[in-house]
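K.L.:
everything below, folded, please.
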Amino acid sequence: MNPRMQKNHSRIWPVRVLYIADFFSLIFILFGTLIVRFGFSWPKSFSTYLVGFLIATIIHLIIYFFGELYEPSPRLGARLWLPRVSALTTVAILIDATLALVTGYFLMPRGNLIAFGILSSLGVTFNRWLSRKFRTKRFGNPRVLLAGSKADVELGQEHLLACEPDVIIVGSIENLDMLPENARQAGATDVLLMSAGALGKIYPGPLTELESERVGVFQRIIPSDTLLGLKRSRQIAGMPFIALKAHSLPPSRATFKRVLEIFYLIIVSAPLVLVAVLVAFYIRIRAGENIIYRQERVGKFGRTFMMLKFRTMAENAERQTGVIKADMDDSRVVKGLDWVRKTRLDELPQFINVLKGEMSIIGPRPERPDFTKEYERFIPGYGRRHDIPPGITGLAQVNGRYHTDPSYKLGHDLQYLVNWSPILDVQILFQTIWIVISRRL
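P.N.:
The predicted model follows:
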């Protein structure tokens with residue numbers, strides 16, 4: 001296996017194995033605690049316990065998945081798995097207990113619940129330690145390229161040689177202009193940026209390229225960086241680093257976000273349909289036929305789709321003007337429909353786009369292809385907002401105005417990607433509702 005393929009597989013292979021390892025570990029612990037407590041004279045049949053144990057195991061694996069335990073993990077930097085695994089296991093145990101209280105069906109003997117929680121936390125943590133050992137044995141030690149000033153690189157070398165004897169230093173560079181090519185030539189699995197001020201030189205192009213090749217990139221944290229409130233730092237050879245990613249929302253969190261939004265749609269489907277029908281009837285009276293307007297927008301990963309809206313402008317409104325942004329008091333808006341635009345009720349058909357997976361309820365607002373191409377030329381990292389499906393509303397919409405500069409909107413969009421959580425989505429939803437009620441632009 002050549003070094004590049006070896007490097008790529010070394011960052012994927014253990015993640016696949018962990019699903020299987022965790023499954024059998026949880027099953028083993030469940031039956032083990034049962035045998036320790038009752039021997040082989042069980043109060044219920046084997047098949048009864050097997051079904052309950054399988055349900056409990058699936059619940060735990062789902063929680064671990066959404067808790068990002070199966071995302072590829074950088075090889076450098078010690079990570080304390082036990083606190084995170086214990087927190088997620090506690091959530092899973094509470095779900096087990098709630099299910100038993102609501103249905104009266106116990107997935108395991110009640111006396112085994114606490115023991116299972118403790119032992120499963122230890123077992124799942126052990127699997128991650130063991131996978132790290134197997135990965136090193138199978139694919140070799142991490143190969144590190146140091147980048148930065150001569151003094152910073154020399155300091156980094158001293159620390160790595162003293163504290164990380166298993167790490168192989170494959171080279172060093174001062175100029176970051178050819179960073180991806182330098183990393184390929186050196187066969188590096190990871191890059192350590194030792195000096196401050198490197199982010200502007202590697203983002204977005206070089207960082208995206210390195211991430212696509214599954215090369216880990218780490219920026220050393222200097223004392224002043226602590227003023228930024230950085231979290232999840234990693235200790236590498238006694239030096240603090242933060243792992244850099246060109247794409248900030250991992251697949252597990254994106255899947256969780258999608259599940260939650262479908263859940264929200266189910267809850268509010270009845271009032272949404274009622275309001276949509278009333279608005280459609282009103283628009284039919286004011287604007288005539290063809291009440292649905294289809295417009296090409298840029299979606300996830302830069303793919304285009306047809307976004308749906310209630311038509312509030314005259315038909316073929318861009319025939320004379322071409323592709324332009326709407327003004328606050330746009331003369332093309334049909335008389336009597338300006339309030340529909342101000343209250344965002346013209347966006348209601350986009351919930352169909354959400355059901356189709358083309359959009360999210362909350363996310364970066366989709367732009368038209370012509371505008372997107374222009375922004376990508378002048379705004380570094382603009383394409384990163386396409387990591388997830390675009391949203392009907394978003395952080396930029398509730399914190400800005402319609403004509404807020406695109407670069408400022410991008411800042412809000414990227415903050416949303418980095419800090420996404422269900423709580424943040426709920427906050428944006430309530431802010432959006434208030435904006436609709438107050439008819440704020």
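K.L.:
where does the stretch 251-400 of the chain have low pLDDT?
P.N.:
Along the stretch 251-400 of the chain, segments meeting pLDDT under 70 span 316-331.
K.L.:
now do the same for the closest residue to residue 246 other than its chain neighbours: its pLDDT.
P.N.:
Excluding its sequence neighbours, the residue lying closest to residue 246 (C-beta to C-beta, 6 or more residues apart in numbering) is residue 208, at 4.1 Å. C-beta coordinates here come from the backbone N, C-alpha and C atoms, glycine included. Looking at residue 208, its pLDDT is 85.
K.L.:
the lengthiest helix in the chain packs against which elements?
P.N.:
Assignment by DSSP state H gives helix 251-287 as the longest helix of the chain. Helix 251-287 is packed against helix 46-66, strand 304-310, helix 338-342, helix 350-355, strand 360-362, helix 422-438, with contacts defined by 3 or more C-beta pairs under 8 Å, 6 or more residues apart in numbering; DSSP states H and E.
K.L.:
any buried residues in it, and which?
P.N.:
Across helix 251-287, burial judged by 16 or more other C-beta atoms under 10 Å covers 252-254, 256-258, 260-261, 264, 276, 279-280, 282-283, 287.
K.L.:
where exactly do the strands run in the stretch 51-200 of the chain?
P.N.:
143-147, 168-173, 190-193 (DSSP state E, counting those that start in this stretch).
K.L.:
sorry, back to before: starting at the chain centroid, how far to the longest helix of the chain?
P.N.:
23 Å (C-alpha atoms, centre = their mean, to the nearest Å).
K.L.:
next SSE downstream of it?
P.N.:
Counting by DSSP states H and E, the element after helix 251-287 in chain order, helix or strand, is strand 292-298.
K.L.:
contacting residues around that following strand?
P.N.:
304-313, 349, 366-369, 372, 386, 390 (C-beta atoms under 8 Å, 6 or more residues apart in numbering).
K.L.:
same deal with stretch 164-172?
P.N.:
With C-beta under 8 Å, 6+ apart as the test, stretch 164-172 has contacts from 76, 136, 141-147, 153, 157, 160-161, 182, 186-188, 236-237.
K.L.:
likewise stretch 271-285?
P.N.:
By C-beta under 8 Å, 6+ apart, the residues outside stretch 271-285 that reach it are 265, 291, 310-312, 337, 340, 345-346, 348-349, 351.
K.L.:
nearest to residue 204, of these?
P.N.:
Using C-beta to C-beta, residue 351 is the member of the contacts of stretch 271-285 that lies nearest residue 204, at 31.4 Å.
K.L.:
thinking again about what came up before, out of the strands of the stretch 51-200 of the chain, deepest packed?
P.N.:
Among those, ranked by average contacts under mean count of other C-beta atoms under 10 Å, first place goes to strand 190-193 (a mean of 26).
K.L.:
next one: it to chain centre, how far?
P.N.:
Per C-alpha atoms, centre = their mean, the centroid offset for strand 190-193 relative to its chain is 23 Å.
K.L.:
mind giving me the packing neighbours of that strand?
P.N.:
Packed against strand 190-193 by the contact rule (3+ C-beta pairs under 8 Å, 6+ apart) you find strand 143-147, strand 216-220.
K.L.:
any idea of the mean pLDDT in it?
P.N.:
Across strand 190-193, the average pLDDT comes to 94.
K.L.:
residues in contact with it?
P.N.:
By C-beta under 8 Å, 6+ apart, the residues outside strand 190-193 that reach it are 74-76, 142-148, 156, 176, 179, 183, 202, 210, 215-220, 236, 241, 244.
K.L.:
tell me the strands beside that strand, with direction?
P.N.:
The strands beside strand 190-193 in its sheet (DSSP bridges) come out as strand 143-147 (parallel), strand 216-220 (parallel).
K.L.:
got the CA coordinates for it in PDB?
P.N.:
Coordinates of each C-alpha in strand 190-193 appear next as PDB, following Å, rounded to 0.1, in the frame of the first residue of the first chain:
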ATOM      1  CA  ASP A 190      -0.300  15.700   9.900                       C
ATOM      2  CA  VAL A 191       0.800  19.300   9.700                       C
ATOM      3  CA  LEU A 192       1.700  21.400  12.700                       C
ATOM      4  CA  LEU A 193       1.500  25.100  12.200                       C
END
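K.L.:
contacting residues for the most centrally placed residue in the chain?
P.N.:
Central residue of the chain (C-alpha atoms, centre = their mean): residue 249, 1.8 Å from the mean position. Shown in contact with residue 249 (C-beta under 8 Å, 6+ apart): 257, 387-388, 417, 420.
K.L.:
what strand or helix carries it?
P.N.:
Counting by DSSP H and E, residue 249 is part of no helix or strand.
K.L.:
name the nearest residue to residue 53, sequence neighbours excluded.
P.N.:
residue 30 (4.4 Å).
K.L.:
worst mean pLDDT among the helices and strands packed on strand 190-193?
P.N.:
strand 216-220 (a mean of 91).
K.L.:
residue 387 reaches residue 418, doesn't it?
P.N.:
No. Assessed by C-beta atoms under 8 Å, residue 387 is found out of contact with residue 418, at 10.6 Å.
K.L.:
quick one: which of these two has more around it?
P.N.:
When residue 387 and residue 418 are compared for neighbours, residue 387 comes out ahead with 19 against 10, by other C-beta atoms under 10 Å.
K.L.:
so what's residue 157 up against?
P.N.:
146, 169, 172.
K.L.:
quick one on the thing from earlier: from residue 387, how far out is the residue nearest to residue 246?
P.N.:
As defined by C-beta to C-beta, to the nearest Å, residue 208 lies at a distance of 11 Å from residue 387.
K.L.:
and residue 349, by the same measure?
P.N.:
24 Å.
K.L.:
got a pLDDT number for residue 16?
P.N.:
pLDDT recorded at residue 16 is 77.
K.L.:
look up how far residue 66 lies from it.
P.N.:
For residue 16 relative to residue 66 (C-beta to C-beta), the value is 18 Å.
K.L.:
OK, contacts around the nearest residue to residue 199 once chain neighbours are set aside?
P.N.:
Excluding the flanking residues, the one nearest residue 199 by C-beta to C-beta, 6+ apart is residue 219, at 6.7 Å. Residue 219 makes contacts with 193, 198-199, 241-242, 244, as judged by C-beta under 8 Å, 6+ apart.
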